[in-house]
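Q: quick one, what's the 3D model for this:
(chains A and B)
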Amino acid sequence: MTQTHPKNQTQNSNSTAGDPRAAKEAKLKALIDSGLDPYPHVYDRTDMADALQDTYKDLADDTETKDTVSVAGRVMAMRNSGMFIDVMDTSGRIQVFCHKQSMSEDELAKLKFLDLGDIIGVKGTMRRTPRGELSVRATELHMLTKSLQPLPDKHHGLTDVEQRYRQRYVDLIVNEESRETLRTRSKIVSFIRRYMEDAGALEVETPMLHEILGGASAKPFVTHYNALDHDFYLRIAPELKLKRLIVGGIADSVFEINRNFRNEGVSIKHNPEFTMIEGYHAFKDYNDMMDLIEDLVGQTVEHIHGSRVITIDEQRVDFNSPWKRASMCDLVQDKTGIDFMVIETAEEAQKTALKAGVHVERTANWGQVVEACFDEKVEHTLIQPTHVINHPFEISPLAKGHRDIPRLVERFESFVNGWEIANAFTELNDPAIQRVRFEEQVSQREAGDEEAQMLDEDYITALEVGLPPTAGWGMGIDRLVMLLTDSPNIRDVICFPTLRPNFAKAEPSPSKPLSSVPEAKEENNDRYLTVDDSEYRFVVVVNGKETDTGRVMNAIGHSMVGLSGREAKDQDLCLINYEDIDGNIHPSVSHYPVIILKAKNGNQIRKIRQQALDKNLPFTDFTKDMQLGSSKEQVASLKTKKDEEVEYVVLSLFGKTSNLKELTGKLSLYK
RNA sequence: GACCGCUUAGCUCAGUCGGUAGAGCAACUGACUUUUAAUCAGUAGGUCGAGGGUUCGAAUCCCUCAGCGGUCACCA
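A: This is a model prediction of the structure:
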């Protein structure tokens, strides 16, 4: 009896023992050495898994056929040393049976190159095993794509939530539920698009880059367009552009399905970029929109589920028309007993709301108080589809006043499962009233409300040209998909949800010496004209934990003086004599922008400082010790400290914009 | 932003009172050859998120930091 020497065993498997990645690479090499192509260009696949399962559903157990098929897909499981292979394609799964009776030695030998996760093509005949599993009896096996990454545990899949979204391609392979949810999303979007087209509406695309915020109340993303040297907002809503198209008469009905961007918190119901459909219909009012939304949503639910009654979050929800319609004030009265329609002033409204336990801002007007009460007391109770109608005019600057009730507008929001899914109104088309509404928004904005809208002068001009009586509506697609797929998290219904950038894994770029800063050309006042001021910049990073504004300003000042006086040369900084509009000369002004950013704490500054050191970028820092009385004390204090104990208040940097962005790209502006 | 929780092998997770670091899957070497999470025998795989502290001794207790998650607040 021969016994394998343990030492030999370890030597044989030395390079690959325990390391799935290395094992796969070894097999890849062996496969190439045997003259095979691990990544062939094409494969002649004739059959899909689910079609075969269907075609042969009546094939009896332990029956062979002579029907030849070829399938292709990913290896999901192997049993009996590769005799049984589960292959998954986009339609489903089928078992492949590899037996020496039906395969040549060469074909059989390919099994040893195979791993879970590889994509293979299989040619063979159909049979059903004695135990009842439909299988392809393989005659030929083809490696179509060698996989080098190990797949997650086959029983548990990927549970790390972050990795599921970051590596969606792995999630999709392993989790049937993820595949189904995202496929359903596509079905819903395509169904809605078809519905709108069938109704005669014209699909349009309007800009993502907006000069003026409007159409919704939200904080925006800001981006810079170099060629125009101008900041743009990523749009928060397409509303004002779409109504311009109705003015232009391109069609009586237009709609757009596209992304909106809102610079606000992430949660299980909010992604910073989300998909909305907005539609506008000339000669209609908000009553027509209620009918439209009920029918559209009802038909979509039926299309996806085959019924208009479905289960969401373990509750039965009935989408059959008609949906409940109730005014916002009536609903608030039902839940709180307060009749806001008889309350005249904002003060009285605030007092009453506070008594009912609803928190309201001191600056809140009557409409905002009503809205706060609704949000807190009513919204979450609206499980069955409900149109909440007739909002206060203060919270609806683009909606037309109610034809009978002076304080309200003709607006409604549709709620399901306690979430708002749609918002619609009869559009305000009187340019004079629109101007007043905008001005109210502007003064709210000036009073500190970042989400109040801006005055869009051109939009008013468009209204002056004449917007026909029009009704419009918007619906959050992601929310609708969440409802129809019963997904508790918005990330489940977005292919690649927004995640924090993964800085830890980012490759450090090779350091560039300071000498890479170009030499200044000439010392004259036109110099700034030849300088691309987007190329270089100053960045000041401020410790966010520092609360004393005066000290921060002081530190920034010291640090910048240090930077320009010591670390960077005049020609680097491109100092010019700047001539202002009155002809006055301001000497030694740098043409480069200064960006002030906020770091979480001193530690984050320390890291950026280290990177600046590594990259040889000019910088100066300002530490807590420098806030002490005399310079002697400062030096003494600093000397007692180890590097990791130094608390940084401010770090100033100068350099190429691209380099600085690598260091500080994840920081937000200091406010 | 505030609070709570998590971080241990490639993946999923145990780890008791502070006393030598564990399992299943995946991988590797074999056996077996009509399996269904195949089975059996064996092998290898760890800076216990990072740093500091307490202790004779720390995955375990304390502090700081980082990443992630959850809840709450604003927004759809």
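Q: so where's the stretch 1-150 of chain A shaky on pLDDT?
A: A:1-18 (pLDDT under 70).
Q: so which residues of it form helices?
A: Secondary structure of the stretch 1-150 of chain A (DSSP state H, counting those that start in this stretch): helices at A:6-12, A:20-33, A:49-55, A:105-109.
Q: dump those helices into CSV; add distance to A:Glu361 and mean neighbour count as well.
A: Just so you know, the C-beta spots here come from the backbone N, C-alpha and C atoms, and that holds for glycine as well. What follows is the helices of the stretch 1-150 of chain A, written out as CSV (distance: least, CB to CB, whole Å; neighbours: other CB atoms under 10 Å):
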stretch, distance to A:Glu361, mean neighbour count
helix A:6-12, 71, 10
helix A:20-33, 56, 15
helix A:49-55, 57, 16
helix A:105-109, 75, 13
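Q: quick one, which of those is nearest to A:Gly124?
A: With CB to CB as the criterion, A:Gly124 lies closest to helix A:105-109 of the helices of the stretch 1-150 of chain A, at 10.2 Å.
Q: of all of the stretch 251-400 of chain A, which residue lies closest to RNA strand B?
A: A:Phe274 (3.4 Å; CB to the nearest atom of the strand).
Q: for that residue, phi and psi?
A: phi -140, psi 160 (degrees, to the nearest 10).
Q: so it is in contact with A:Asn258, correct?
A: No: applying CB atoms under 8 Å, one finds A:Phe274 not in contact with A:Asn258, separated by 10.2 Å.
Q: before we move on, back to that, give me the pLDDT value at the residue of the stretch 251-400 of chain A closest to RNA strand B.
A: With respect to pLDDT, A:Phe274 scores 91.
Q: and the gap between the closest residue in space to it that isn't next to it in sequence and A:Ile257?
A: Closest residue to A:Phe274 apart from its sequence neighbours, by CB to CB, 6 or more residues apart in numbering: A:Asp478 at 5.1 Å. Between A:Asp478 and A:Ile257 the computed distance is 12 Å (CB to CB, to the nearest Å).
Q: the two: which is more packed in?
A: The residue with more neighbours, out of A:Asp478 and A:Ile257, is A:Asp478; 23 against 19, by other CB atoms under 10 Å.
Q: would you confirm that the residue nearest to A:Phe274 contacts A:Arg491?
A: No: counting by CB under 8 Å, A:Asp478 does not reach A:Arg491; the two are 9.5 Å apart.
Q: now the common contact residues for those two.
A: Residues touching both A:Asp478 and A:Arg491 (CB atoms under 8 Å, 6 or more residues apart in numbering) are A:Asn271.
Q: what's near enough to touch A:Ser70?
A: Counted by CB under 8 Å, 6+ apart, A:Ser70 has contacts A:Tyr43, A:Asp44, A:Arg45, A:Thr46, A:Asp47, A:Gly121, A:Val122, A:Lys123, A:Gly124.
Q: for it, give its distance to RNA strand B.
A: 20 Å (CB to the nearest atom of the strand, to the nearest Å).
Q: so which residue is dead centre in chain A?
A: A:Thr498 (3.5 Å; CA atoms, centre = their mean).
Q: would you mind confirming that that residue is in contact with A:Phe274?
A: No: counting by CB under 8 Å, A:Phe274 is not a contact partner of A:Thr498; they are 9.8 Å apart.
Q: overlap in contacts, A:Asp478 and A:Ile257.
A: Common neighbours of A:Asp478 and A:Ile257 (criterion: CB under 8 Å, 6+ apart): A:Thr275.
Q: and the stretch 301-450 of chain A, which residues reach RNA strand B?
A: Contact residues, the stretch 301-450 of chain A versus RNA strand B (CB under 7 Å from any atom of the strand): A:Asp375, A:Trp419, A:Glu420, A:Asn423.
Q: and the last one, how many neighbours does it have?
A: Residues lying near A:Asn423 (other CB under 10 Å) number 24.
Q: assumed it was part of a strand.
A: Yes: inclusion of A:Asn423 in a strand is indicated when DSSP: H, G, I helix; E, B strand; the rest coil is applied.
Q: now, among the residues of the stretch 301-450 of chain A next to RNA strand B, which is nearest to A:Asp153?
A: Using CB to CB, those come closest to A:Asp153 at A:Trp419, 34.4 Å.
Q: if we can go back for a sec, let me see the contact set for the residue nearest to A:Phe274.
A: A:Asn271, A:Phe274, A:Thr275, A:Ile490, A:Val493, A:Ile494.
Q: ignoring the adjacent residues along the chain, who's closest to A:Lys269?
A: A:Ile490 (5.6 Å).
Q: counting neighbours, what do you get for the one you found?
A: Neighbours of A:Ile490 using other CB under 10 Å come to 20.
Q: also the one 3 residues further on?
A: Neighbourhood size, A:Val493 [other CB under 10 Å]: 25.
Q: can you tell me the helix or strand for the residue nearest to it when sequence neighbours are not counted?
A: In space, and not counting its chain neighbours, A:Val493 is closest to A:Val481: 4.2 Å by CB to CB, 6+ apart. Assigned by DSSP states H and E, A:Val481 belongs to helix A:477-485.
Q: equivalent analysis for A:Ile250, please.
A: Applying DSSP H and E, one finds A:Ile250 in no helix or strand.
Q: residues contacting it?
A: A:Leu202, A:Val204.
Q: at 10 Å instead, please
A: A:Leu202, A:Val204, A:Arg244 (CB atoms under 10 Å, 6 or more residues apart in numbering).
Q: give me the buried subset of the residues you listed.
A: A:Val204, A:Arg244 (16 or more other CB atoms under 10 Å).
Q: can you classify A:Met475 by secondary structure?
A: Relying on three-state DSSP, one would call A:Met475 strand.
Q: I figured it hits A:Trp419, correct?
A: No: using CB atoms under 10 Å as the test, A:Met475 is too far from A:Trp419 to be in contact (11.5 Å).
Q: any shared contact partners between the two?
A: With CB under 10 Å, 6+ apart, A:Met475 and A:Trp419 have no common neighbours.
Q: okay, these two: which has more neighbours?
A: Using other CB under 10 Å as the criterion, A:Met475 and A:Trp419 rank with A:Met475 on top: 22 against 18.
Q: so what's the more buried one up against?
A: A:192, A:257, A:275-279, A:293, A:296-297, A:414, A:420-424.
Q: what pairs with it across the strands?
A: A:Ile277, A:Ala422 (DSSP bridges).
Q: cool, A:Lys123 as well?
A: Here A:Lys123, judged by DSSP bridges, has bridge partners A:Ser70, A:Glu140.
Q: relative to A:Val71, how far out is it?
A: 8 Å.
Q: and these two? which has more neighbours close in?
A: Taking other CB under 10 Å, A:Lys123 and A:Val71 do not tie; A:Val71 has more neighbours (24 against 20).
Q: in this structure the more buried one contacts A:Ile119, no?
A: No: judged on CB under 10 Å, A:Val71 makes no contact with A:Ile119 at a distance of 11.3 Å.
Q: separation between the closest residue to A:Val416 other than its chain neighbours and A:Val378?
A: Closest residue in space to A:Val416, ignoring its immediate chain neighbours: A:Pro385 at 5.1 Å, by CB to CB, 6+ apart. Distance of A:Pro385 to A:Val378, computed by CB to CB: 15 Å.
Q: more neighbours: these two, which one.
A: A:Pro385 (26 against 22).
Q: kindly state the pLDDT recorded for that one?
A: At A:Pro385, pLDDT is 96.
Q: wait, what's in contact with the closest residue to A:Gly401 other than its chain neighbours?
A: Using CB to CB, 6+ apart and skipping the chain neighbours, the partner closest in space to A:Gly401 is A:Val409 (5.7 Å). A:Val409 sits next to A:286, A:367, A:389-402, A:425-426, A:428, A:437 when contact means CB under 10 Å, 6+ apart.
Q: give me the pLDDT for A:Val409.
A: 96.
Q: do the same with A:Ile595
A: 69.
Q: and the longest helix along chain A, does that touch RNA strand B?
A: Using DSSP state H to define each element, chain A has its longest helix at helix A:176-198. No: using CB under 7 Å from any atom of the strand, helix A:176-198 never reaches RNA strand B; the gap is at least 13.7 Å.
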